[in-house]
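> turn this into a structure:
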Amino acid sequence: MARFEGIIPYLVTPLDPEGRVEAGVMASLCDDLIAAGVHGLTPLGSTGEFAYLDEAQKRETVAAVVAAAAGRVPVLPGVASTAIRGAVAQARACRAAGADGIVLILDAYFPLTEGEIERYFLTVADATDLPIILYTNPNFQRADLSVASIARLSRHPNIVGIKDASTNTGRLLSILNRVGGDLDVFAASSHIAASVMMLGGKGWFAGPACVIPRECLALYQLCREERWGEAVALQKRVWAFNEVFARYNLAACVKAALQMQGYAVGDPVPPQSPASPEARAAIAAALADVTGVGITSHS
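So this is what the prediction gives:
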């Protein structure tokens, strides 16, 4: 079973005003990220507005990224549903499209028991031969994975990693202590990536890496080389971009930043609004702080 590591950007979903996926823009973005040195690509994460896309848009997005990657780096789309049937269908569609793995999250409307939550993940894992990264984000989910559940799920041969976005570093350390030998643990954008890698994390599924890939890659390399002082200094710079999209809408911020860099990625899916002039000014300032390159903000 394949395993993954390194910097894996969460991609935006470029859309035209009618909601059609802009495959050419996606290809250009993917080419540039691969040229920068990223270790994988993940469409249909929070940055990619998965919750706002219909099934046809999701399939088109995965197909565009697989075509753009052309086997150069693994593609691990997000799979999310409230129902097992929907998640299994998405996982099988990803497999048919040529994806190399999936990042699996559970959407929930009604409260679920621990057993029901585990059943969702295990059933999807049984239904595909793709390697699975579990994704848990209690800030957006009604149903979270406990550390005990994660430990039980780690026994499934197709479940190879976890991205925990709880912001709770103590919980992350508990996960590492319980399953670090069975699951590869990845930082989320809500965590301080250098801290996660210092504790034994394998990399970073990163929204910011869609915009500042070279800085994220440099951070990863410093951590790999255990140059912690330099890593912390760079992490502090990179964190400025995290702070901006924590303050404003995530997808709107990342899309606005990419527009400033020349990518015609379009606006966020309605009813979300494009980044405000205030947000765009904050984004431009953060990018200048992180990259050392001034960017003019166009409202």
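> run a quick neighbour tally on G45.
30 (other CB atoms under 10 Å). C-beta here means a position set from N, CA and C on the backbone, and glycine is covered the same way.
> ok, it - contacts?
Y10, L11, G78, V103, F205, G207 (CB atoms under 8 Å, 6 or more residues apart in numbering).
> just put those in CSV and tack on neighbour count and secondary structure.
Output for those, formatted as CSV (neighbours: other CB atoms under 10 Å; DSSP: H, G, I helix; E, B strand; the rest coil):
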residue, neighbour count, secondary structure
Y10, 26, strand
L11, 30, coil
G78, 27, strand
V103, 26, strand
F205, 28, strand
G207, 27, coil
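> where along the stretch 1-150 of the chain do the helices fall?
23-36, 55-69, 84-97, 114-127, 147-153 (DSSP state H, counting those that start in this stretch).
> hey, which of those helices is tucked in deepest?
Mean neighbour counts were compared across these using mean count of other CB atoms under 10 Å; the top stretch is helix 55-69, at a mean of 20.
> please work out the angle formed by the directions of it and helix 23-36.
Counting by axes from the mean of the first three to the mean of the last three CA atoms, to 10 degrees, helix 55-69 lies at 40 degrees to helix 23-36.
> what's next to helix 55-69, contact-wise?
Outside helix 55-69, the residues touching it (CB under 8 Å, 6+ apart) are 11, 13, 15, 19-21, 23, 26-27, 30-31, 34, 41, 43-44, 48, 50, 53, 75, 77, 90, 93-94, 97-99.
> what angle separates that helix from helix 84-97?
30 degrees.
> okay, helix 55-69 in PDB with CA atoms only?
Extracted in PDB, the C-alpha atoms of helix 55-69 (Å, rounded to 0.1, in the frame of the first residue of the first chain):
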ATOM      1  CA  GLU A  55     -21.100  15.700  -8.100                       C
ATOM      2  CA  ALA A  56     -20.400  16.600 -11.700                       C
ATOM      3  CA  GLN A  57     -18.100  19.500 -10.700                       C
ATOM      4  CA  LYS A  58     -16.300  17.200  -8.300                       C
ATOM      5  CA  ARG A  59     -15.700  14.500 -11.000                       C
ATOM      6  CA  GLU A  60     -14.500  17.200 -13.500                       C
ATOM      7  CA  THR A  61     -12.100  18.600 -10.900                       C
ATOM      8  CA  VAL A  62     -10.500  15.300 -10.100                       C
ATOM      9  CA  ALA A  63     -10.200  14.500 -13.800                       C
ATOM     10  CA  ALA A  64      -8.500  17.800 -14.400                       C
ATOM     11  CA  VAL A  65      -6.000  17.400 -11.600                       C
ATOM     12  CA  VAL A  66      -5.200  13.800 -12.600                       C
ATOM     13  CA  ALA A  67      -4.600  14.900 -16.200                       C
ATOM     14  CA  ALA A  68      -2.400  17.800 -15.100                       C
ATOM     15  CA  ALA A  69      -0.300  15.700 -12.700                       C
END
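> which stretches of the stretch 151-299 of the chain aren't confidently modelled?
190, 293-299 (pLDDT under 70).
> let's see that with 50 instead.
296-299 (pLDDT under 50).
> mind putting the helices of the stretch 1-150 of the chain in a markdown table, distance to Q259 included?
Formatted as a markdown table, the helices of the stretch 1-150 of the chain follow (distance: least, CB to CB, whole Å):
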| stretch | distance to Q259 |
| --- | --- |
| helix 23-36 | 11 |
| helix 55-69 | 18 |
| helix 84-97 | 27 |
| helix 114-127 | 35 |
| helix 147-153 | 38 |
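> for V290, which of these is the nearest?
helix 23-36 (14.2 Å; CB to CB).
> gap between the closest one and the chain center?
16 Å (CA atoms, centre = their mean, to the nearest Å).
> that helix packs against which elements?
The contact analysis (3 or more CB pairs under 8 Å, 6 or more residues apart in numbering; DSSP states H and E) places helix 23-36 against helix 55-69, helix 213-224.
> okay if I get those as TSV plus distance to L234?
Converted to TSV, these look like this (distance: least, CB to CB, whole Å):
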stretch	distance to L234
helix 55-69	27
helix 213-224	5
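> any chance of the contacts of G45 in CSV, with distance to C253 too?
Compiled in CSV, those are given as follows (distance: CB to CB, whole Å):
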residue, distance to C253
Y10, 12
L11, 14
G78, 19
V103, 21
F205, 17
G207, 9
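> quick one: contacts of stretch 243-257?
Here stretch 243-257 has contacts from 12, 46-49, 189-190, 207-208, 210-211, 241, 265-269, 272-276, 279-280, 282-283, 286-287, using CB under 8 Å, 6+ apart.
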